[in-house]
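Novice: fold the following and give me the result.
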Amino acid sequence: MTDIIRRYWREIILGLGMWCAYILLQSKSIIGGDGGDFAAASWTVGVPHAPGYALYTIMGAVVSHILPIYTVAWRVGLISSFFGALSLVLFYRLVYIFSGKKSTSFALSILLGFTYPFFLYSEVVEVFSLAVFFVLALFYASILIYDKPTSQKLIFFVFILGLSLTHHHIILFLFPAIAFIFYKIRKSLRKMVNIRFLGLSLLAFLAGLSPLIYFPIASGRYPLVDWEHPVNLANFTNLMFRTAYGTFKAGAFIVDDPIARLYSTLSSFRLLWIDISFLGVAGFLTGFAILYFKKRKYFWPAMIGFLSYLFFLFYASFPLVNDFSLGTYERFTLFLYLFVFMFIGVALGWLYDMMQKRIYKINRINQLFVNVFWAFILSILIFLMLSKNVSLIYALRDDFTAENVGRDILRSADPHSLIILVYDTSLFNTYYVYAADPVYKNEDKIPIHFSKLFLPYYQETLKHNYPSLYVPDNSVSSDDLVIKFIEENAKSRNVYLNFYIPSRADELVPMGMVYQFVSDDNKKVNIDDVIRFNNNFWEKTEGYNRNDLKFHNLYLTEVLNIYSTALQNYAFYLLNHGKAETAYKEIEKAKTMAPDDNDLIFLEGYALELMGECKKAEEVFIKLTDLVPNNTKVWNQLATLARDCFHDKDKGSRYEKEFQKLKDKSLNLHSL
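Specialist: All right, here's what the predicted structure looks like:
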């Protein structure tokens, strides 16, 4: 034991030290995105979205139920902090192999640990910390095999490979680099291959895959969170290969647009630049050249891994259209950081050698001076990175903004109700609160996943868990299914939804964060009661605006848009019921949350028009034409404003011409 500590004291200090730092700042809640889905699946022992993340969910289920401290999200977040710290240990070992400098590799690992994306995803409920660990474990194991192939190393590599396949597909981008290594050592591999080796390798691989047994066992219980219901081979395959999303793509909606793909790929470097700036880029390029000329053996695996990951980003084609999509993309820059920092580590090792060999003559005093000076420089870099990001991460520790979205959605509904939800943030966060807080189950409030209503396995799950619900089967057409589901269940329950159905607009009443479906023709909705409920609701809702957030975390900024949209829906309802002045006040509240929302700007102009503020309304609409020149709706509204509010036929005619000019033209990609 003493020998192990003496030999690996740097790794022990690095791992434990960073884990302690991460635990101190670990978030007690979720930040949006997929976090609510993972936390809810862990707590309910369910199956999160594809590919299911079997190993992660098993660990999440165990740690969330065994530990009695803090919140469910904090407990599940321990997986992120633990594997974040462990990943840095592996990263240290890799950089040491490439650079040959222990102290530099140690300091660089800490520096990586405090970069924003690595820091963030070591503090919150997410699967990416464990994914980074597997990428580094596979790459490190393959490098060890490259240096000295042995059957034991190969069998262990196969085990890690199987285990990593139970988590995230991202590890597949490493396969070209691993294939290159195995090709280079093919002669040594041939000597090892025999029946015993193949048998042990197969057993190791199957042992690694064993967490996949969790899927049918957990799903067979019909848990609250159960994607694809993988109790049979077809559903299991759909889950593992992300059939609903499009395997290896950001989503099934992705179109083959090379320009958009190139833009999203290049955007990763822009995010990287924020953390490493010019010095980091210079270090990356320097390390790139040094590794090529001095350690070409390692250059090609690292370079192939780097390029294949860029290809993955290009192929996945993340659409960067709003805060949520950018936040989704931000997580995947983590793997780019790994390779960039490896090259930076090589550059720093070379620079340290230069300081020793070119600047000073080597003797004890001068070498000590060089070491102290070098340690000082590295400490400054770590301090700058930490000070840059620690306040941002600290702000998340006790931030319940994302969780409160789910709480407020559930609070919007009366007891004994269904709440039909779309959009990941609203849905996942509500599921987490519903799962972790028994209050809402006691009130008999049931969140329903809208997009799954069309899927037979989800229909079966609803029938099993809620026998009293009316659940349409495949005999009902997809166009009528949702309406039928709402109408039939509204006979015995309150039904709410967070999306708009134009054909049933008269039956949708905005109540807090959702619409209430009011189907009884004899039940008159009193506008004063609606205003009274919403006033009371928003008074008790924490007033979120962009200035309240300590920083604009992309997912939390998206949360503000959800609140803004709810207020926007309420304002639109008020405008349609002759309450323009009340609506205008709500629009102004919403603008503090989402000042760049073009729909809000349009509603502001429309409210001013109904209030008789013609000039102000025109100014708002003209501002909107500058923002979105090809929006026909705005030019049409300007024409209406000129005729009905200004009573100016000439002005109305000019606006009408602009409207007609754009009427038959579709918006181009840039405008969208």
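
Novice: hey, let's count contacts and neighbours off CA atoms from now on
Specialist: Will do.

Novice: now the helices: where do they sit in the stretch 201-350 of the chain?
Specialist: 214-219, 233-240, 258-294, 296-316, 323-332, 334-354 (DSSP state H, counting those that start in this stretch).

Novice: ok, which of the ones you listed comes nearest C645?
Specialist: The closest of those to C645 is helix 323-332. By Cα to Cα, the value is 37.0 Å.

Novice: which positions within the closest one qualify as buried?
Specialist: For helix 323-332, the buried set under the neighbour-count rule, 16 or more other Cα atoms under 10 Å, comprises 323-332.

Novice: what of stretch 205-219?
Specialist: With the criterion 16+ other Cα under 10 Å, stretch 205-219 contains buried residues 205-206, 208-209, 211-212, 214-216, 218-219.

Novice: picking up where we left off before, export the helices of the stretch 201-350 of the chain as TSV, with columns for distance to Y606 and mean pLDDT.
Specialist: Shown next, in TSV, are the helices of the stretch 201-350 of the chain (distance: least, Cα to Cα, whole Å; pLDDT from 0 to 100):
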stretch	distance to Y606	mean pLDDT
helix 214-219	50	97
helix 233-240	46	93
helix 258-294	34	86
helix 296-316	40	91
helix 323-332	27	82
helix 334-354	44	93
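
Novice: please identify the most buried of the ones you listed.
Specialist: The highest average neighbour count among those, using mean count of other Cα atoms under 10 Å, belongs to helix 334-354 at a mean of 22.

Novice: how about that helix as CSV, C-alpha atoms only?
Specialist: Only the C-alpha atoms of helix 334-354 are listed here, as CSV (Å, rounded to 0.1, in the frame of the first residue of the first chain):
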residue,chain,number,x,y,z
LEU,A,334,-15.7,18.7,-24.0
PHE,A,335,-14.1,16.0,-26.2
LEU,A,336,-12.4,18.6,-28.4
TYR,A,337,-10.9,20.1,-25.3
LEU,A,338,-9.3,16.8,-24.5
PHE,A,339,-7.3,16.6,-27.7
VAL,A,340,-6.5,20.3,-27.8
PHE,A,341,-5.1,20.2,-24.2
MET,A,342,-3.1,17.1,-25.0
PHE,A,343,-1.2,19.1,-27.7
ILE,A,344,-0.9,22.1,-25.3
GLY,A,345,0.6,19.7,-22.7
VAL,A,346,3.3,18.7,-25.3
ALA,A,347,4.0,22.4,-26.0
LEU,A,348,4.4,23.2,-22.3
GLY,A,349,6.7,20.2,-21.8
TRP,A,350,8.9,21.5,-24.6
LEU,A,351,8.9,25.0,-23.2
TYR,A,352,10.0,23.7,-19.9
ASP,A,353,12.9,21.9,-21.5
MET,A,354,13.8,25.0,-23.4
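
Novice: and the next element down the chain from it?
Specialist: helix 364-397 (DSSP states H and E).

Novice: hmm, back to that, can you say which of the helices of the stretch 201-350 of the chain is nearest to Y140?
Specialist: Closest of the helices of the stretch 201-350 of the chain to Y140 is helix 296-316, at 10.9 Å (criterion: Cα to Cα).

Novice: next, the angle helix 323-332 makes with that closest one.
Specialist: On the basis of axes from the mean of the first three to the mean of the last three Cα atoms, to 10 degrees, helix 296-316 is oriented at 160 degrees to helix 323-332.

Novice: any idea how far helix 296-316 is from the chain center?
Specialist: Its chain's C-alpha centre and that of helix 296-316 lie 23 Å apart, by Cα atoms, centre = their mean, to the nearest Å.

Novice: name the helices or strands packed onto that helix?
Specialist: With contacts taken as 3 or more Cα pairs under 8 Å, 6 or more residues apart in numbering; DSSP states H and E, helix 296-316 sits against helix 175-184, helix 258-294, helix 334-354.

Novice: so which of the ones you listed comes closest to S317?
Specialist: Using Cα to Cα, those put helix 258-294 closest to S317, at 4.8 Å.

Novice: could you export the buried residues of stretch 205-219 as JSON lines, including distance to E228?
Specialist: Formatted as JSON lines, the buried residues of stretch 205-219 follow (distance: Cα to Cα, whole Å):
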{"residue": "F205", "distance to E228": "25"}
{"residue": "L206", "distance to E228": "23"}
{"residue": "G208", "distance to E228": "23"}
{"residue": "L209", "distance to E228": "19"}
{"residue": "P211", "distance to E228": "17"}
{"residue": "L212", "distance to E228": "14"}
{"residue": "Y214", "distance to E228": "14"}
{"residue": "F215", "distance to E228": "10"}
{"residue": "P216", "distance to E228": "10"}
{"residue": "A218", "distance to E228": "12"}
{"residue": "S219", "distance to E228": "9"}
